[in-house]
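Structure, please.
(one chain, ligands or ions: 1)
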Amino acid sequence: MKKTTTIVLLLLAVASLSAQSKKPVYLDSTKPIELRVKNVLSLMTLKEKVGQLNLETFVNENDTKNDLSDKIKKGDVGSILKSNGVKNNLRLQKVAVEQTRLGIPLMFEEDVIHGYRTIFPSPLGESASWNLDNIEKSASIAAKEASASGIHLTYAPMVDISYDPRWGRILEGAGEDPYYASFVAAARVKGFQGTNLASGQNVMACVKHFAGYGAALAGRDYNIADFSERTLREIYLPPFRAAINAGVGSVMTAYSAYDGVPATANKKLLIDILRRELGFDKMLITDWATINNLVKIGIASDEKEAVLMAINSGVDVDMTSGLYLKHLEALIAEGKINIKSIDKAVERVLIAKFKLGLFDDPYKFFNEQREKETLLSPDHLEFARKSARECMVLLKNDNKILPLNKSIKKIAVIGPLANRQKDLLSWWGGNYSQGKPDEVISVLEGLKKSVNSYVEINYAEGVKLDGFDPKGLELIPEAVKLASESDLVILVVGEEYWMSGEGGSISNINLPGIQDELVNAIANTGKPIVSVLVNGRPFDIQNLTNKSMAVLEAWQPGTMGGLGVADILLGKYNPSGKLTVSFPINTGQIPIYYNYKRTSHDATGEALKNRWVNKYLDIPTTPLFPFGYGLSYTTFVYSNLILSKQIITEKDELVIDVDVTNTGKIFGEEVVQLYIGDIVSSVSRPLKELKGFRKIGLDPNEKKVVSFIVKKDDLSFYNQNMKWVAEPGKFNIMVGASSEDIRLNGSVELK
Ligand code: GLC
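Numbers count the residues shown, from 1 in each chain. Take a look at the predicted model:
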């Protein structure tokens, strides 16, 4: 018996070896990726190569029945975006794998920005949790759900820094600080990609938009962006560097230009900086039709010149313009492009597909059972609730009116966003994800599900929020009556999901519509108001804040948003979020950010009384709420700042210790922030820059020592020759609870 088994096993081994040996190298999973890429490249025709560089959209504005089967069969499609669902993507993948000469699998791509079917808080909101584990985990869950639905790559994280809330895409980033945004970028890349891209549970990330798109002039999306190389290096590049160092699998070019040349054709940006300086040697894709935009902008005289510029700038994949497909072969035939440029681009696309394991099992991402089990699973929803409440920011809490106490028996929930669902999902979550509005827990529902049975909850819309025009004034009297008959009002205001996000630029940041009129009418009843903001971007909330006893910034909190709000208002969770973007007093203050540079006429201290200083005559120059700000239901005391050295050399590490004590009666979490200010430097530097943060949990009366390590790099900057240097001199060390609430100061000298 034993002998027979051995013989059978031997025969099987020989058979599989011969099968493997019959397989071309590129399909032999025992061979290294480099060899397999080389092999398949050597077998490809020029037409097949060009097809791999063409990214088609499944959703074709012109033709709703847009089915790409024919194009795929002809080998003209390398990747597809906006095609979702195992059923649909499996059908298309079969065409590519079984009906083309070499069977090169497709890559399916989507904007999985803050969740796939389970929607998490929009990214700017999520960043306010300062909890990198949460941020990584939500990306990991999004990847699990997206990959279960046949998606291989997501166009995220978006890491554009913006100082302008008029720009609707400010909601997609991680706020105004490049240092913190870098940690968030890395966390999101790690969450999406995991440790094994071929696991079938992860997706490839695509960090965007390279670079400086957030500088859109006047906050208008797609407008020109004009900034110096210094600003590029100090503000816009750090999160990209962090994403690349975290292993991001692809980069997307921005619509905008750098130094007058659109990113998609900018050799300084894409070759000198991205490829050479940042060492990014993977797949570079354009944003939507940005190759064709070169003609529109007038940089290229025609489509062929635009294609020439893009391929010569190292752009690998053409998203939806179709111009690579249309012109690359001709440009090769005319000797205008070297085939090596094409081969290099195709190589990077193929490497991405090999890394995703698509050549070994092109159908691994297509499992309907897994799709059903994974999307919206209970543990994903539970985490969405945790993520939502941990990023909400308590902006005001007079007389500790929150958490609501047991004496409150009749609550009026009023406001145009109180009973809305889609508006809790954001532009991306509501429009371009698989998130379903009817799966969202509204603020009203969240409260109803959470209050004690003896609490009566009544609802009134108050005003209509349906665009920017005044609507629903006639609804106010009913809301006022309800408020008058209640113990307290929870007022839910903000913006509709489509008012921010891509193309969502607004000229002023007043609360849209006549929400402020509603605020005033409810305030006139004299009833205490707890306001809840549902918004993607900062708004001018002066009036709301003045008229409310408490204000909770809930952002666009996602599928479980209403429960997250209720958890905080009812005291099930002590709010711990802190702003990662400044809230201006009004539109006139824009751009406003915490890491501003010193001027010769700073309006601080006594100087504030002078006319001849850097200030406005009508309002302060400080924001309504600053970067790093957020309240808790408890209080924290900072003490005992200890620096390991007063004088350091470039080789030293400076250890900074501070004691933080919870001096309240309940458990709370604090985001301890370290800021450093270079007092004298050859190039003007910000008064303070965030160089450390730590979110810690403390029981009542508990004290923890928080330690930060400061190295040479934390004291360095680009000098006049754009060299990254640390100059000798003194540095202010500031530790605090926000950029404006510095609790302890010290200084250190770099020799
Ligand atoms: C859009 C956006 C980009 C997005 C892409 C695909 O225009 O600028 O962020 O990933 O097109 O939808």
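
So residue 489 versus residue 245, what's the distance?
Using Cβ to Cβ, to the nearest Å, residue 489 is found at 48 Å from residue 245. C-beta here means a position set from N, CA and C on the backbone, and glycine is covered the same way.

And for residue 48?
Distance, residue 48 to residue 245, using Cβ to Cβ: 34 Å.

More neighbours: those two, which one.
Each of residue 48 and residue 245 has its neighbours counted (other Cβ atoms under 10 Å); residue 48 has more, 20 against 15.

Test my guess that that one contacts residue 75.
Yes. If you go by Cβ atoms under 8 Å, residue 48 and residue 75 touch, sitting 4.8 Å apart.

The ligand contacts on the stretch 51-200 of the chain?
Applying Cβ under 6 Å from any ligand atom, we find that the stretch 51-200 of the chain lies next to the ligand at 81, 111, 155.

Identify the contacts common to residue 48 and residue 75.
Counting by Cβ atoms under 8 Å, 6 or more residues apart in numbering, the common neighbours of residue 48 and residue 75 are 101, 104.

Residue 188 falls within a helix, correct?
Yes. Looking at residue 188 with DSSP: H, G, I helix; E, B strand; the rest coil, it is inside a helix.

Filter the residues of the stretch 51-200 of the chain next to the ligand down to the ones in helices?
The members of these all map outside helices under DSSP state H.

Which single one of these is nearest to residue 560?
For those, the minimum distance to residue 560 (Cβ to Cβ) is 20.9 Å, reached by residue 111.

my guess is that closest one meets residue 157, correct?
No. Contact criterion Cβ under 8 Å: residue 111 and residue 157 do not qualify, at 11.4 Å.

Between those two, tell me which one has more neighbours.
Per other Cβ under 10 Å, whichever of residue 111 and residue 157 has more neighbours is residue 157, with 32 against 22.

OK, contacts around residue 535?
Residue 535 makes contacts with 494-495, 500, 553, 555-556, as judged by Cβ under 8 Å, 6+ apart.

Out of those, name the two that are farthest from one another.
Counting by Cβ to Cβ, the most remote pair of those is 500 and 553, 14.1 Å apart.

Tell me where the stretch 301-450 of the chain has strands.
318-319, 393-397, 410-414 (DSSP state E, counting those that start in this stretch).

among these, which is the most enclosed?
Most buried of the strands of the stretch 301-450 of the chain, by mean neighbour count (mean count of other Cβ atoms under 10 Å): strand 318-319, with a mean of 28.

Please name the strands paired to that one in the sheet, noting orientation.
Sheet pairing of strand 318-319 (DSSP bridges) gives strand 54-57 (parallel).

Give me the neighbour count for the residue of the stretch 551-700 of the chain found nearest the ligand.
When scored by Cβ to the nearest ligand atom, the stretch 551-700 of the chain has residue 556 as its residue closest to the ligand, at 16.8 Å. Using other Cβ under 10 Å, residue 556 has 34 neighbouring residues.

Now the phi/psi pair for it, please.
Dihedral angles phi and psi of residue 556 (degrees, to the nearest 10) take the values phi -100, psi 100.

how near is it to residue 374?
Residue 556 is 23 Å from residue 374, by Cβ to Cβ.

who's in contact with the residue nearest to residue 159 when sequence neighbours are not counted?
Setting aside the residues directly before and after it, residue 159 is nearest to residue 239 in space (Cβ to Cβ, 6 or more residues apart in numbering), at 3.6 Å. Contact analysis of residue 239 by Cβ under 8 Å, 6+ apart lists 159, 161, 174, 178, 181-182, 184-185, 207.

How about the residues of the chain by the ligand?
81, 111, 155, 208, 287-288, 502.

Pipe these into a markdown table and attach pLDDT per row.
Shown next, in a markdown table, are these (pLDDT from 0 to 100):
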| residue | pLDDT |
| --- | --- |
| 81 | 95 |
| 111 | 97 |
| 155 | 98 |
| 208 | 98 |
| 287 | 98 |
| 288 | 98 |
| 502 | 97 |
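
count of neighbours near the nearest residue to residue 189 once chain neighbours are set aside?
Leaving aside its chain neighbours, residue 189 sits nearest to residue 246 (4.2 Å; criterion: Cβ to Cβ, 6+ apart). Other residues near residue 246 come to 21 when the count uses other Cβ under 10 Å.

Residue 246 and the ligand, how far apart?
Plainly put, residue 246 is 19 Å away from the ligand if you go by Cβ to the nearest ligand atom, to the nearest Å.

OK, contacts around that residue?
So, once contact is read as Cβ under 8 Å, 6+ apart, residue 246 ends up touching 185-186, 189-190.

now with 10 Å?
By Cβ atoms under 10 Å, 6 or more residues apart in numbering, the residues touching residue 246 are 157, 182-183, 185-193, 205, 207.

Kindly report the same for residue 492.
Counting by Cβ under 10 Å, 6+ apart, residue 492 touches 413-420, 423, 442-444, 447, 459, 461-462, 515, 530-534, 552, 554, 562, 565.

Just those residues: which are in helices?
443-444, 447, 515, 562, 565.

So what does residue 597 look like in phi/psi?
Dihedral angles for residue 597 - degrees, to the nearest 10 - are phi -90, psi 150.

Apologies, that question was intended for residue 365.
Dihedral pair for residue 365: phi -90, psi 0, per degrees, to the nearest 10.

Would you mind checking the contacts of residue 239 for buried ones?
159, 161, 174, 178, 181-182, 184-185, 207 (16 or more other Cβ atoms under 10 Å).

contacting residues for residue 123?
Here residue 123 is in contact with 113-114, 135, 138-139, 156-159, 170-175, 184, 188, 391, 426, 428, 536, 555-556, 580 (Cβ under 10 Å, 6+ apart).

at 6 Å what do you get?
Contacts for residue 123 (Cβ atoms under 6 Å, 6 or more residues apart in numbering) come out as 114, 172.

and the nearest residue to residue 485 once chain neighbours are set aside, bridged to which residues?
Nearest non-adjacent residue to residue 485, counting by Cβ to Cβ, 6+ apart: residue 410, 7.1 Å away. For residue 410, the beta-bridge partners are residue 456 (DSSP bridges).

Residue 456 is in contact with residue 410, correct?
Yes. Look at residue 410 against residue 456 with Cβ atoms under 6 Å: they come within range, at 4.8 Å.

coming back round to it: which one of the residues of the stretch 51-200 of the chain next to the ligand is nearest the ligand?
residue 155 (3.3 Å).

what's the burial count for the closest one?
With other Cβ under 10 Å as criterion, residue 155 counts 24.

again, but for residue 601
With other Cβ under 10 Å as criterion, residue 601 counts 10.

How about the contacts made by it?
Taking Cβ under 6 Å, 6+ apart, one finds 613-614 in contact with residue 601.

swap the cut-off to 10 Å and go again
Going by Cβ under 10 Å, 6+ apart, the list of residues near residue 601 reads 607, 610, 612-615.

Can you read off the backbone torsions of residue 586?
According to degrees, to the nearest 10, residue 586 has phi -160, psi 180.

isn't it right next to residue 618, touching?
Yes. Using Cβ atoms under 10 Å, residue 586 is in contact with residue 618, at 9.5 Å.

Which one's more surrounded, those two?
residue 586 (16 against 8).

What segments of the stretch 501-650 of the chain are strands?
Under DSSP E, counting those that start in this stretch, the stretch 501-650 of the chain gives strands at 529-534, 550-553, 636-643, 647-648.
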